[in-house]
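Trainee: Take this sequence and fold it.
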Amino acid sequence: MQRTRWAILGPGQIGGFFARALPRSTHGVLQAVGSTDPDRARAFADEYGAPVAGTYADVLARDDVDAVYIATVHTTHAELSVAALESGKAVLCEKPVSPSLSETTRVLAAAAATGRPFVEAYKYRFGPFAGAFDDVIRSRRIGGMRALTASFGFAAGSREGRLFDPAVAGGAILDVGGYPMSLVVAVAAAAGIDLDELHIGEADGVVGAVDETARARVVAGTFVADVRASIVEDLPRIVTLEGGLGTITSGDLWGSRLESGRTFGVRTESRAEIVTVSTLDPFAAEADAVSAAIADGRSEAPQMPWAQSVATARLLADWRASLRP
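Mentor: Numbers count the residues shown, from 1 in each chain. Predicted coordinates for the structure are as follows:
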């Protein structure tokens, strides 16, 4: 497999994590940095050793860039993704693809039309942990799925910046709510539940300029998932999945920006065990998933299929809409 020459669009904090992770990927190398501010792009490129820096258009026009990592604010993801795909680049886009379902489907339509890989970057879905977790569900060791409880929340402190800015789609649901909601979708997919059946049964939260905290119940037949998100409160990181024959529990599922999850427990009537897997840098794993898709001529990565991106986008949009006055 040839090396993948990456460009980062959006030289901010998350872009920095990706730049630091690329040397730990198997095939990725940082080639270019793009920004609305060329001077900022140049400073970031110098810091992380990229030979090229410029505007978004400058970077996307280059033949020596194979893939782009989009690390900008939510409201710019769709436009940059489509522009990158139509420029012949593979795309790894920070979650969410877009604040709206229609824009998400537009991006995926562009990926289908160009034949270039597009991958949504839910980092916890990349690596051995997610594979082992899904395998337990598919094996039906804990029986059919009954209930899932998952949350992701932190106390931001200051109410300034993008998290609290409605103009750039700030708020808890789009910033961190996508983690538990995408897990609902992944669990349903592994259990063979029709993703179109998933729907918001009820929701509430605290809404100021943006949704600061939010809770939703997602339902599909007899499967019920309770999810919570917050940008003003630390929430429990323990995920519990209940099946007809047992449970899966983990306080390690989301991992961190530096390391993927390591352990989860599986308990049935006859047995209790701790499943332990190897860890890796999740940003490097995302990069390698895109490189593999390029090498194999695929437009999707199995870790985050388009059908799951669409289902997650629909549920997030419905969740947000349910909290509006």
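Trainee: which SS class is residue 267?
Mentor: Secondary structure assignment for residue 267 (DSSP: H, G, I helix; E, B strand; the rest coil): strand.
Trainee: List the contacts of residue 245.
Mentor: Going by CB atoms under 8 Å, 6 or more residues apart in numbering, residue 245 touches 140-143, 268-269. For glycine as for every other residue, the C-beta is placed from the backbone atoms N, C-alpha and C.
Trainee: can you list the weak-confidence ranges in this protein?
Mentor: Across the chain, the ranges flagged by pLDDT under 70 are 1, 325.
Trainee: and residue 321, which of the three is it?
Mentor: Residue 321 ends up helix, using three-state DSSP.
Trainee: same thing with residue 286?
Mentor: helix.
Trainee: Would you agree it is in contact with residue 126?
Mentor: Yes - counting by CB atoms under 8 Å, residue 286 does reach residue 126; the two are 5.1 Å apart.
Trainee: Quick check: end-to-end length of stretch 41-59?
Mentor: 11 Å (CA to CA, to the nearest Å).
Trainee: Quick one: end-to-end length of stretch 168-176, please.
Mentor: 15 Å.
Trainee: likewise stretch 9-28?
Mentor: End-to-end distance of stretch 9-28 (CA to CA): 15 Å.
Trainee: Show me which positions of it end up buried.
Mentor: 9-11, 14-22, 25, 27-28 (16 or more other CB atoms under 10 Å).
Trainee: Now for the nearest residue to residue 191 once chain neighbours are set aside: which residues touch it?
Mentor: Leaving aside its chain neighbours, residue 191 sits nearest to residue 145 (4.4 Å; criterion: CB to CB, 6 or more residues apart in numbering). For residue 145, the contacting residues are 137, 187-188, 191, 193, 223, 241-243, by CB under 8 Å, 6+ apart.
Trainee: again, 10 Å this time
Mentor: 137, 187-188, 190-193, 220-225, 241-244 (CB atoms under 10 Å, 6 or more residues apart in numbering).
Trainee: now residue 35
Mentor: Per CB under 10 Å, 6+ apart, neighbours of residue 35: 8-12, 15, 41-45, 53-56, 58-59, 72.
Trainee: what about 6 Å?
Mentor: Residue 35 sits next to 11, 41 when contact means CB atoms under 6 Å, 6 or more residues apart in numbering.
Trainee: now residue 96
Mentor: Residue 96 sits in contact with 174, 178, where contact means CB under 6 Å, 6+ apart.
Trainee: got the phi/psi numbers for it?
Mentor: The phi and psi torsions at residue 96 (degrees, to the nearest 10) take the values phi -80, psi 160.
Trainee: Give me the subset of the buried residues of stretch 9-28 lying in helices.
Mentor: Judged by DSSP state H, the subset of the buried residues of stretch 9-28 located in helices is 14-21.
Trainee: Would you mind checking the contacts of residue 145 for buried ones?
Mentor: 137, 187-188, 190-191, 193, 220, 223-225, 241-243.
Trainee: how about these, which pair is most distant?
Mentor: Greatest spatial distance among the buried ones among the contacts of residue 145 (CB to CB): 190 and 224, at 16.5 Å.
Trainee: quick one on the thing from earlier: how about the buried ones among the contacts of residue 145 in a markdown table, adding secondary structure and distance to residue 151?
Mentor: Formatted as a markdown table, the buried ones among the contacts of residue 145 follow (DSSP: H, G, I helix; E, B strand; the rest coil; distance: CB to CB, whole Å):
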| residue | secondary structure | distance to residue 151 |
| --- | --- | --- |
| 137 | helix | 19 |
| 187 | helix | 15 |
| 188 | helix | 18 |
| 190 | helix | 20 |
| 191 | helix | 20 |
| 193 | coil | 21 |
| 220 | strand | 19 |
| 223 | strand | 18 |
| 224 | strand | 15 |
| 225 | strand | 11 |
| 241 | strand | 13 |
| 242 | strand | 16 |
| 243 | strand | 20 |
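Trainee: separation between the nearest residue to residue 154 once chain neighbours are set aside and residue 149?
Mentor: Using CB to CB, 6+ apart and skipping the chain neighbours, the partner closest in space to residue 154 is residue 234 (5.7 Å). Per CB to CB, to the nearest Å, residue 234 is found 16 Å from residue 149.
Trainee: How many residues are close by residue 253?
Mentor: The tally of other residues near residue 253 (other CB atoms under 10 Å) stands at 24.
Trainee: for it, what are its contacts?
Mentor: 239, 261 are the contacts of residue 253 under CB under 6 Å, 6+ apart.
Trainee: now it: how far from residue 191?
Mentor: 16 Å.
Trainee: now residue 52
Mentor: 45 Å.
Trainee: mind listing the strands for the stretch 201-325 of the chain?
Mentor: Shown for the stretch 201-325 of the chain, the strands assigned by DSSP state E, counting those that start in this stretch span residues 211-220, 223-230, 239-243, 246-250, 263-268, 272-276.
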